[in-house]
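Participant: Sharing a sequence plus its predicted fold:
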Amino acid sequence: MAGRRLELVGLGYRHRMHDPRRFKPWNTRPGAGIHDITFSLPTGSIVGLIGANGAGKTTLMRVICGLYQPESGEVRLNAETIAAAGMKPRGHAQVGFMPEQVSWPGPGTPRQALECLLAMRDDAIEHNIDSLFKLVGLSSRSDSPLDSLSQGMRQRLSLAAALLGNPDILVLDEPLNALDPVAQIAFQGLIRQLAQRGHTILISSHMLAELDRFVDRILVLHRGQVIGEGEMAEVESDLGLADKMRFCGLGQAPTEIFSSEGLAVETSPDCEVGHWSLTVVLPSGYSQLQVTQLISALAESGNPPYSAAKLNHNLADILAAATGLSPSEVGLEVDEHLVIPLAKIGGEEE
């Protein structure tokens with residue numbers, strides 16, 4: 001357990017779905033949820049939890065925070081079990097939770113909002129609200145009306161609320177939603193600063209590009225199960241995802257040059273008239289030197305590219321590689337019954 005702060009072991013939870021019967025109008029049945037989740041978060045790390053809408057990200061986070069009682073498995077914090085089947089669900093002072101949407105309605109100010117939250121706490125930890133506002137960048141707006149705050153400021157206030165009590169673990173549910181690109185960059189810098197202070201952070205998103213630039217590791221969740229874990233490059237390698245590059249140039253596309261190199265080529269349909277744009281799948285082990293030689297061959301053919309850039313894999317690519325579905329199938333909204341696994345880890349049907 002050295003160097004580990006939060007550990008999940010065999011965690012499972014399923015929502016109850018309304019399933020009325022003739023003589024049992026309030027009957028329920030197990031619905032979607034999470035299944036046999038096991039992983040650890042290294043101290044001071046930022047771990048991105050990614051998955052399509054409906055994958056179970058919010059459910060998992062609420063179980064970690066003690067809002068839902070696990071039906072199986074347990075959550076451990078510093079080797080202490082804080083949530084398990086049979087334990088009464090409760091929040092934990094060392095786990096701070098930032099929900100996906102907090103509107104902060106009504107009259108009042110950010111300072112008054114945090115003071116109300118403090119009044120409802122039953123711990124004896126001293127809180128310095130001014131230092132929290134300084135940390136999240138809200139010092140100048142701490143006494144402004146709540147309805148005057150921008151979406152980015154409201155997100156910062158939600159983060160300040162999660163930081164009450166200086167928790168070891170921060171669980172942030174889609175914190176980058178509705179933020180413009182500038183606000184996203186600022187918020188990412190704030191998250192990195194918190195990790196450097198020793199906080200361990202689990203942050204969810206269905207947008208891989210949002211997390212790729214600043215998380216240390218990722219967890220890929222699909223239909224309530226972890227299907228990939230590790231550093232981004234490690235997950236991509238485990239799934240056998242091929243590197244891709246996009247080449248753009250003027251005139252007619254030199255597809256024969258790529259074909260002579262044995263490279264698979266995909267034409268980009270959104271290319272402007274008089275330009276060509278080709279996405280090339282690079283074989284495993286294709287080196288930077290070989291890329292340079294390819295660009296030289298294009299130049300010698302009289303059709304040099306004006307841009308050549310490596311493409312980052314998106315969430316659909318990762319889920320398609322892990323599940324065998326096509327990217328278009330992955331992107332479709334799944335029905336509730338489809339998010340229940342068809343088989344257990346041992347291969348036995350449910």
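Facilitator: Right, received. Where do you want to start?
Participant: Hmm, Ile34 and Leu8 touching each other?
Facilitator: No. Counting by C-beta atoms under 8 Å, Leu8 stays clear of Ile34, with 9.6 Å between them. For every residue, glycine as well, the C-beta is placed using N, CA and C.
Participant: More neighbours: which of those two?
Facilitator: Between Leu8 and Ile34, counted using other C-beta atoms under 10 Å, the more crowded position is Ile34 (30 against 22).
Participant: Distance-wise, check that one relative to Arg197.
Facilitator: 29 Å (C-beta to C-beta, to the nearest Å).
Participant: what do you get for Ser40?
Facilitator: 20 Å.
Participant: Mind checking which of those two has more residues around it?
Facilitator: A direct count of neighbours by other C-beta under 10 Å for Ser40 and Arg197 places Ser40 higher, at 18 against 10.
Participant: Can you give me the distance of that one to Gly137?
Facilitator: 31 Å.
Participant: now do Leu170
Facilitator: Counting by C-beta to C-beta, the gap from Leu170 to Gly137 is 16 Å.
Participant: same deal with Ser287?
Facilitator: Taking C-beta to C-beta, one finds Ser287 at 43 Å from Gly137.
Participant: So between the two, which is more surrounded?
Facilitator: Set side by side, Ser287 and Gly137 show more neighbours around Gly137, with 17 against 9, by other C-beta under 10 Å.
Participant: give the contact list for the closest residue to the more buried one other than its chain neighbours.
Facilitator: Nearest non-adjacent residue to Gly137, counting by C-beta to C-beta, 6 or more residues apart in numbering: Arg156, 6.0 Å away. Neighbouring residues of Arg156 by C-beta atoms under 8 Å, 6 or more residues apart in numbering: 136-138, 187, 190.
Participant: Pipe the residues you listed into JSON lines and attach pLDDT and secondary structure per row.
Facilitator: Listed next are these as JSON lines, based on pLDDT from 0 to 100; DSSP: H, G, I helix; E, B strand; the rest coil:
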{"residue": "Val136", "pLDDT": "89", "secondary structure": "helix"}
{"residue": "Gly137", "pLDDT": "88", "secondary structure": "coil"}
{"residue": "Leu138", "pLDDT": "91", "secondary structure": "coil"}
{"residue": "Phe187", "pLDDT": "87", "secondary structure": "helix"}
{"residue": "Leu190", "pLDDT": "89", "secondary structure": "helix"}
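Participant: Show me which of those residues is closest to Leu298.
Facilitator: Closest approach between those and Leu298, by C-beta to C-beta: Phe187, at 40.1 Å.
Participant: wait, Ala84 sits on Gly73?
Facilitator: Yes. Using C-beta under 8 Å, Ala84 makes contact with Gly73 at a distance of 7.2 Å.
Participant: which one of these two has more residues nearby?
Facilitator: Neighbours were counted for Ala84 and for Gly73 using other C-beta under 10 Å; Gly73 has more, 20 against 16.
Participant: Please tell me how far the more buried one sits from Gly48.
Facilitator: Taking C-beta to C-beta, one finds Gly73 at 22 Å from Gly48.
Participant: shaky segments in the chain?
Facilitator: In the predicted model of the chain, residues 1-4, 122-127, 268-273, 325-350 satisfy pLDDT under 70.
Participant: Ser144 should be in a strand, yeah?
Facilitator: No. If the criterion is DSSP: H, G, I helix; E, B strand; the rest coil, then Ser144 is coil and not within a strand.
Participant: so how far is Thr279 from the closest residue in space to it that isn't next to it in sequence?
Facilitator: The spatially closest residue to Ser144, leaving aside those adjacent along the chain, is Thr109, at 6.2 Å (C-beta to C-beta, 6+ apart). Distance of Thr109 to Thr279, given as C-beta to C-beta: 51 Å.
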